[in-house]
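Asker: Pasting the sequence and the predicted coordinates here, then a few questions.
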Amino acid sequence: MDYIIKLAFVLLIFIYSWFFQIQNQEWDQLRNMLKDANNIAVHDAAQELDETELTRGRLIIDPTEAYDTFQQTLQNNLGLDSGLFPQGSSRFKTQVKIVKFDIIDDSDGVTFPLLYEDSEYGITKYIAGPSVIAVIETEH
């Protein structure tokens, strides 16, 4: 009888560990999807240059178009609707929120390379040229 109790206890621990590992693996996949989608979206947003400023030799990102492009790319890559809520094909269960969207370009009067620091989100990065920086989040 003692053997059966020990075996049941070990089996319970194994099953609990197995479910915990599956949940962690799923979260890692979702986190990687968020990270990749964010990287693609900021890249697309950074391509939205103001053409009139470009003819003057200044690299200035159009903020309205950049934000719209960023949001559209997120929607396309994560299966979200216009309010960033998941659609039927999405692997996410809750709304994706854009919590930070910064544009750093020639209009800011900065010189590149630039050390960008944001202590609130723990971002520290050298930036070689005009860039878009965004932070997105969703519940897990």
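Answerer: Looks like it came in fine. Numbering: from 1, shown residues only.
Asker: so who does residue 85 touch?
Answerer: The contact partners of residue 85, by C-beta atoms under 8 Å, 6 or more residues apart in numbering, come to 94, 95. No exception for glycine: its C-beta is placed from N, CA and C like everyone else's.
Asker: how about 7 Å then?
Answerer: residue 95 (C-beta atoms under 7 Å, 6 or more residues apart in numbering).
Asker: Please apply the same query to the one 5 residues further on.
Answerer: Under the criterion of C-beta under 7 Å, 6+ apart, the contact list for residue 90 reads 78, 79, 80.
Asker: so how far is residue 137 from the last one?
Answerer: In this structure, residue 80 and residue 137 are 13 Å apart, going by C-beta to C-beta, to the nearest Å.
Asker: So the two - more neighbours on which side?
Answerer: Between residue 80 and residue 137, counted using other C-beta atoms under 10 Å, the more crowded position is residue 80 (22 against 14).
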